[in-house]
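*Asks:* Let's see this in three dimensions:
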Amino acid sequence: MSRTPLGEPVEPPVDGVADRLSSESGVHSSEVSGPVGGERHPTAWARARPLLVRLHFYAGVFVGPFVLVAAFTGLLYALIPQIDSMAFRDELKVDHTGDQRLSLSDQIAAARAAHPEGAIESIRPPAALDDTTWVTLAVDDVPPDYSRTIFVDPYTAQVRGTLTTYGQWMPVRAWFDELHRNLHLGAFGRNYSELAASWVWVIALAGLLLWIGHRKGTRKLRRIAVPDRGVGGRRRLLSWHGALGVWIIVIVLGLSVTGMTWSRFAGESVDKIQSHLSWKAPSVDTALGAPAGPRGGHHGVVTADPAGNFAAGADTRTLTDRVNFADWPFMAKMTDWAIDAHMGILFGWVNQLLLAVAALALIISVVWGYRMWWGRRPKGGDPLSLPRRPSGGALRGLRPYEAMIAIGAVAAVGWFAPLFGASLAAFAVVDLAGRWWRRRQLASEA
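*Replies:* Residues are numbered from 1 along each chain as shown. The predicted structure follows:
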């Protein structure tokens, strides 16, 4: 297999036109000959490397824009929480605290007097002395998955304001959350984020393996997370691109996995697996009935009917059910923590800072990747010509059982994440069509 000075496989020449291709591509004939060093029995790494290069190349070039958008909108989302809290401080905080709060029923009555429409969806008592009480209504005149939340002063029952909310998010954060999830394009827009989440882990892992192989081949494995000094051009970009990828690999993989749990198609596969393996978090029983036993707990619920009347006594706040976080399945806890980390709420501002730095680093890494790709253009040719592609026939270089394992793994991932499988099939069709057209063009000019 031929290699560029950076050790990247390039498209092999068509029979009878090697000299022409060499002159067009700027690759010397010695570089487009047989295996480097006369290698007759390639190692497992030498056999697998072309496949990794093609995965990293096609995913990087074609999925890179989706990853860039996801990283940029994720960066904005990570910086929003403090702005959201300041923008809606009047609704979230009270002006004065008192010695005793009014009953929850009185607060709900005040909220329902101001907004009798819809049904009560949830009630969130104050977590701090100066917090307001949230009374959230399920109504028909808000977008899907959104609610109307009334904010009540727990000391005076004054309605401080009413907002359209998305879960716990205020309007500003909800807007950026939806921008990150679907670009405000509804269900269709979710395809962009799912495509990014489904591919970014492949790009990252393939790139990491290629970088490890490069460092090992140049005897710099100990400096895998440190860029080289004293080099320029594409070598310098490769060095920084690889080292930066090492630093953010764990966060990127975590964001990819958790992002897929929210996705449209892969998310359904995640739900099926969680249900089959009993990894789902237990839910609280919200039916009116006898109070639950004193089990202690992390998540409890006080149920009320749509009018705001509590079960078994309006002001006793009788507990009807409770679910202890300690009793959750281990994987349900891990999922909960991972999702909170993705949302930037697990470790407060530290979590936000890590997300922002990772998103910025990912943006830089993708931009550097495109610069390296653009540097593969033929020297001295048309300035608008496209860069050369990696060599084809990656599966043919594998042993039969290795090829079967690779195909099986790709098929399994494609089943789990249908957008990944469909886009990979599209890449393969485009690649085959491009190679056929290139061969036909070169053969006709020979």
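
*Asks:* C-alpha only now, for contacts and for neighbours.
*Replies:* OK.

*Asks:* any weak-confidence spans in the protein?
*Replies:* Along the chain, the parts satisfying pLDDT under 70 run over 1-40, 286-315, 317-319, 381-384, 392.

*Asks:* So which residues of it form strands?
*Replies:* Ranges of strands in the chain, per DSSP state E, are 119-124, 133-138, 147-152, 159-165, 299-301, 321-323.

*Asks:* now, of those strands, which is deepest in the fold?
*Replies:* Each of the strands of the chain was given a mean neighbour count from mean count of other CA atoms under 10 Å, and the largest, a mean of 26, is that of strand 147-152.

*Asks:* Tyr58 reaches Phe427, doesn't it?
*Replies:* Yes - Tyr58 is within contact range of Phe427, at 7.0 Å (criterion: CA atoms under 8 Å).

*Asks:* nearest to Asp431, of the strands of the chain?
*Replies:* strand 159-165 (45.6 Å; CA to CA).

*Asks:* who's in contact with the closest one?
*Replies:* By CA atoms under 8 Å, 6 or more residues apart in numbering, the residues outside strand 159-165 that reach it are 90-91, 110-111, 114, 142, 146-153, 170-171, 174.

*Asks:* For Ala138, which residues are in contact?
*Replies:* 118-121, 147-148.

*Asks:* Could you save those as TSV and add columns showing distance to Arg181?
*Replies:* Formatted as TSV, those follow (distance: CA to CA, whole Å):
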residue	distance to Arg181
Gly118	27
Ala119	27
Ile120	27
Glu121	24
Ser147	18
Arg148	21
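
*Asks:* still on that earlier bit, can you check which of the strands of the chain gets nearest to Ala433?
*Replies:* strand 159-165 (48.5 Å).

*Asks:* Adjacent strands (with direction) for the closest one?
*Replies:* strand 147-152 (antiparallel) (DSSP bridges).

*Asks:* can you redo the strands of the chain as a markdown table with distance to Leu398?
*Replies:* Formatted as a markdown table, these follow (distance: least, CA to CA, whole Å):
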| stretch | distance to Leu398 |
| --- | --- |
| strand 119-124 | 57 |
| strand 133-138 | 57 |
| strand 147-152 | 55 |
| strand 159-165 | 53 |
| strand 299-301 | 52 |
| strand 321-323 | 52 |
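
*Asks:* Buried residues of the longest helix anywhere in the chain, list them for me.
*Replies:* Using DSSP state H, we find that the single longest helix of the chain is helix 186-217. Within helix 186-217, the residues that qualify as buried are 189-208, 210-215, counting by 16 or more other CA atoms under 10 Å.

*Asks:* same thing with stretch 259-279?
*Replies:* Buried positions in stretch 259-279, judged by neighbour count with 16+ other CA under 10 Å: 259-270, 279.

*Asks:* First-to-last residue distance for that stretch?
*Replies:* 17 Å (CA to CA, to the nearest Å).

*Asks:* Quick one: residues in contact with that stretch.
*Replies:* 187, 190-191, 193-194, 197-198, 280, 329-332, 342, 416-419.

*Asks:* gap between Leu419 and Val413?
*Replies:* Taking CA to CA, one finds Leu419 at 10 Å from Val413.

*Asks:* Looking at those two, which is more packed in?
*Replies:* Leu419 (22 against 16; other CA atoms under 10 Å).

*Asks:* Quick one: residues contacting the more buried one.
*Replies:* Going by CA under 8 Å, 6+ apart, Leu419 touches 191, 194-195, 198, 265.

*Asks:* now the residues you listed in JSON lines, with distance to Ala225?
*Replies:* Compiled in JSON lines, those are given as follows (distance: CA to CA, whole Å):
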{"residue": "Asn191", "distance to Ala225": "33"}
{"residue": "Glu194", "distance to Ala225": "29"}
{"residue": "Leu195", "distance to Ala225": "28"}
{"residue": "Ser198", "distance to Ala225": "25"}
{"residue": "Phe265", "distance to Ala225": "35"}
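
*Asks:* Tell me the one of the residues you listed nearest Phe62?
*Replies:* Looking across these and measuring by CA to CA, the closest to Phe62 is Leu195, at 10.6 Å.

*Asks:* got a list of what the closest one touches?
*Replies:* So Leu195 contacts 63, 66, 419-420 (CA under 8 Å, 6+ apart).

*Asks:* and which of the contacts of Leu419 is nearest Trp437?
*Replies:* Scanning the contacts of Leu419 for proximity to Trp437, where the rule is CA to CA, the winner is Leu195, at 27.9 Å.

*Asks:* what's the neighbour count on the closest residue to Phe188 other than its chain neighbours?
*Replies:* Spatial nearest neighbour of Phe188, chain neighbours left out: Asn182 (7.4 Å); criterion: CA to CA, 6 or more residues apart in numbering. Counted with other CA under 10 Å, residues neighbouring Asn182 total 20.

*Asks:* who touches Asn182 in this structure?
*Replies:* Here Asn182 is in contact with 188-193 (CA under 8 Å, 6+ apart).
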